[in-house]
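>>> after the sequence you'll find the predicted model.
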Amino acid sequence: MQSFYPYLEMGLQNFQEYQVCAVTVGMVGDLCRALEDKILPYCDGIMTQLLKDLSSNQLHRSVKPPIFSCLGDITLAIGETFEKYLIYAMPMLQSAAELSAYAVATDDEMLEYTNELRNGILEAFSGILQGFKSCPKTQLLMPHAPHILQFLDRLYNGKDMWVFIL
């Protein structure tokens, strides 16, 4: 992993070739599932780059849903150690959840993207909740519970929610 990490970082920084960035994000999720807590020494760099990617207006929007999902994979891999990233990750998740919950799809492409975004956010919330479930730091998630429940409620009650295009 030590030899591979610089290439992983380059892939996460590749905004111009956003497909490369998307594949690299998927690879981070795969590495988290394979290495579990052995990914920890690389998490600061990975999380820094993923949060930069989420904040970037240069990165193609299609890469952002997998990034959210990847946050859940990281939490599942490192568990309560994800605590130090919560203060950065949760506001981004909450902001994206609010935007996606109230988004109005004007065409099929927007509807598909909105559903992908919602799915990525749900996977992130799920991974974070599961990653903290067996530890004494569960209370760290309590301030975020109203936002998560509000998001779920909006999805459940929305008229255009979860209409998939086949």
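That came through fine. Numbering: from 1, shown residues only.
>>> who are the contact partners of the most centrally placed residue in the chain?
Computing the C-alpha centroid of the chain and ranking residues by Cα atoms, centre = their mean puts residue 68 first, at 1.2 Å. If a contact means Cβ atoms under 8 Å, 6 or more residues apart in numbering, then residue 68 has 54, 93, 96, 117, 120-121, 123-124 as its contacts. The way it works is simple: take the backbone N, C-alpha and C, and place the C-beta from them, glycine included.
>>> out of those residues, which is nearest to residue 44?
residue 54 (16.0 Å; Cβ to Cβ).
>>> relative to residue 122, how far out is the nearest residue to residue 80 once chain neighbours are set aside?
Nearest non-adjacent residue to residue 80, counting by Cβ to Cβ, 6 or more residues apart in numbering: residue 135, 4.0 Å away. The gap separating residue 135 from residue 122 is 22 Å, by Cβ to Cβ, to the nearest Å.
>>> so which of these two has more stuff around it?
A count of neighbours by other Cβ atoms under 10 Å puts residue 122 above the other of residue 135 and residue 122, at 18 against 13.
>>> quickly find the element holding the residue nearest to the centre of the chain.
helix 64-78 (DSSP states H and E).
>>> can I get that helix in PDB, CA atoms only?
Output in PDB follows, covering the C-alpha atoms of helix 64-78 (Å, rounded to 0.1, in the frame of the first residue of the first chain):
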ATOM      1  CA  LYS A  64     -19.700  13.000  -5.900                       C
ATOM      2  CA  PRO A  65     -22.300  10.200  -5.100                       C
ATOM      3  CA  PRO A  66     -19.600   7.500  -5.000                       C
ATOM      4  CA  ILE A  67     -17.500   9.800  -2.800                       C
ATOM      5  CA  PHE A  68     -20.300   9.900  -0.300                       C
ATOM      6  CA  SER A  69     -20.600   6.100  -0.400                       C
ATOM      7  CA  CYS A  70     -16.900   5.900   0.100                       C
ATOM      8  CA  LEU A  71     -17.200   7.800   3.400                       C
ATOM      9  CA  GLY A  72     -19.300   5.000   4.700                       C
ATOM     10  CA  ASP A  73     -16.800   2.400   3.500                       C
ATOM     11  CA  ILE A  74     -14.000   4.200   5.300                       C
ATOM     12  CA  THR A  75     -16.000   4.400   8.500                       C
ATOM     13  CA  LEU A  76     -16.800   0.700   8.300                       C
ATOM     14  CA  ALA A  77     -13.100   0.000   7.900                       C
ATOM     15  CA  ILE A  78     -11.800   2.200  10.700                       C
END
